[in-house]
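> take a look and give me a structure for this.
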Amino acid sequence: MRRIHKIAFTILFILISSLNAGIFELYGTGAYGTDYSASAFGRGGISTAYTDTLSGSTNPAQLAHVQFTELEAGLNTRFSYISDFGYNESSVRFDYANLMIPVGRKGGLQLGIHPISSARAEYQIKTSYITEIIETIGDIYSLSLGFGYQIASRIYGGIAFELITGGYTLSNEILFSNDAYYSSEKYFSKGIDGRRLTLGTVVDLNNLTIGVRYAHPYRMKYKTLEYNSYSEYVYNEPVDTTLTHHIIIPRELSAGMAMKIGRRHYLMSDYTLRYLQDASLLKSFNPINPDHTSSSSHHLAAGYERRGAVGLFVPFFQSLTYRTGVFYDKQGLGTDFQRYGISAGLGIPFNNFKSRIDVGLHYGLNSGDIFENIEMNESFFQIKISVNSIERWFNTRGKYR
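Numbers count the residues shown, from 1 in each chain. Predicted coordinates for the structure are as follows:
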């Protein structure tokens, strides 16, 4: 059924289901910018030139600073409000995990798993005679092996090799109020496999740090199972298709800087460009938005962090790490919309400062068009929580700060 036939009824009858994502994640391969650690999340998503815990989007050159074996695991949850139609409440779910190991006096190694993109969205259009339900559920995860090394006295370099894996379920169902017509559903199940290489460098200029990171996907392929049904009892045989060397995740280029403005005070900023060479590849992967032509997205953030003091007799509130930031995203990988908001974070040490709980909060607004120029606004509140613990399984260097 043609989409234009439904536009007149859409505004009054949109319903958003209780799934843990936003309406704009229906398109493409979901939402990007989810691969920050809880501490970077509290700074607005900044980790290229400054970090104290490491996760997916962190510059691998930062691994050269690892002094102890560290374990980190994080959880993620989200609440959103879609225009005037109600809350879209999420459930708590696993986010990422990292194991970081010092290598010699100048190097560090990381084993980790983190999300590259995620989608949990359902959109319903109701008229007097049909109900159309469109749903996207899936994740793309990276299993990474990274290494960082101090090349010179103020120059650090790093490289990470990533296995990309994941899956998406896309469905479009039409239900008729008149029993004389059979319902119909188109269902796609897609499995993803690929590789990504990430390079990074950091230059330390006393109180100023500059970082650059580049991520390049390759050998991407995905397998599609397609089902079509036209009644409750009749189903077509699935169509099995494997496409190779089709890049469906973007290349990423990040640049950032961090400035020490006091004994424990830091200002920082980050810019990330995500670019897909051929936007038409998203059409074959996710046919929900066939007219989409954009192929890039932009992330800009500025943040502040005050590190907590360390010592046996330090008052509790002075031992806390405080973070805040602002961010702006111009998303174009799937549909065109803007995201902007504020962030806050807290680092809570325990176990004699050998462990820490990080909490990162985002509050913001997504604004853009759904389908044929149907504008929607989504306010959201997202939380990331992680636990970071230092272990002494291997020979380490330096002293714990």
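
> is the residue positioned nearest the centre of the chain in a helix, a strand, or coil?
In the chain, the centroid-proximal residue (CA atoms, centre = their mean) is Thr34; its distance is 1.5 Å. Under DSSP: H, G, I helix; E, B strand; the rest coil, the three-state class of Thr34 is coil.

> distance check, Ile159 against Glu135.
From Ile159 across to Glu135, the span is 38 Å (CB to CB, to the nearest Å). All C-beta spots, glycine's among them, are computed from the backbone N, C-alpha and C.

> show me where the stretch 101-250 of the chain has strands.
All strands of the stretch 101-250 of the chain, identified by DSSP state E, counting those that start in this stretch, fall at 107-126, 130-150, 155-176, 184-205, 208-229, 239-244.

> point out the most buried one among the ones you listed.
Of the strands of the stretch 101-250 of the chain, the one with the most neighbours on average (mean count of other CB atoms under 10 Å) is strand 107-126, at a mean of 22.

> averaged pLDDT, that one. What do you get?
The average of the pLDDT scores along strand 107-126 is 84.

> and it, which strands flank it?
Paired strands of strand 107-126, with direction, are strand 15-16 (antiparallel), strand 31-32 (antiparallel), strand 93-103 (antiparallel), strand 130-150 (antiparallel) (DSSP bridges).

> can I get the strands of the stretch 101-250 of the chain in a markdown table with distance to Ser297?
Formatted as a markdown table, the strands of the stretch 101-250 of the chain follow (distance: least, CB to CB, whole Å):
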| stretch | distance to Ser297 |
| --- | --- |
| strand 107-126 | 11 |
| strand 130-150 | 15 |
| strand 155-176 | 18 |
| strand 184-205 | 17 |
| strand 208-229 | 14 |
| strand 239-244 | 23 |
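
> nearest to Ala309, out of the ones you listed?
Closest to Ala309 of those is strand 208-229 (CB to CB; 21.3 Å).

> now for that closest one, which elements pack on it?
In terms of contacts (3 or more CB pairs under 8 Å, 6 or more residues apart in numbering; DSSP states H and E), strand 208-229 is packed against strand 184-205, strand 239-244, strand 251-260.

> these into CSV, with extra columns for distance to Ile130 and mean pLDDT?
As requested, the helices and strands packed on strand 208-229 are arranged in CSV below (distance: least, CB to CB, whole Å; pLDDT from 0 to 100):
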stretch, distance to Ile130, mean pLDDT
strand 184-205, 10, 88
strand 239-244, 25, 63
strand 251-260, 40, 95
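
> any chance of the ones you listed in JSON lines, with distance to Ala61 too?
Below are the helices and strands packed on strand 208-229 laid out as JSON lines (distance: least, CB to CB, whole Å):
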{"stretch": "strand 184-205", "distance to Ala61": "4"}
{"stretch": "strand 239-244", "distance to Ala61": "32"}
{"stretch": "strand 251-260", "distance to Ala61": "11"}
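
> rewinding a little: what's the closest of the strands of the stretch 101-250 of the chain to Leu346?
Using CB to CB, the nearest of the strands of the stretch 101-250 of the chain to Leu346 is strand 107-126, at 21.2 Å.

> give me the element Arg356 is part of.
strand 355-370 (DSSP states H and E).

> partners of the helix or strand following that strand in the sheet?
Using DSSP H and E, the helix or strand that follows strand 355-370 towards the C-terminus is strand 374-391. When pairing is defined by DSSP bridges, strand 374-391 lines up against strand 69-82 (antiparallel), strand 355-370 (antiparallel).

> just give the nearest non-adjacent residue to Gly167, would you?
The spatially closest residue to Gly167, leaving aside those adjacent along the chain, is Gly191, at 5.0 Å (CB to CB, 6 or more residues apart in numbering).

> Met100 too?
Glu70 (4.4 Å).

> just checking, that neighbour touches Pro102?
No: contact between Glu70 and Pro102 fails when scored by CB atoms under 8 Å: they sit 9.2 Å apart.

> show me the beta-bridge partners of Asn172.
Those that pair with Asn172 in a beta bridge, by DSSP bridges, are Ile134, Lys186.

> what pLDDT does it get?
For Asn172, pLDDT reads 81.

> ok, it - contacts?
Residues in contact with Asn172, defined by CB atoms under 8 Å, 6 or more residues apart in numbering, are 132-134, 185-186, 288.
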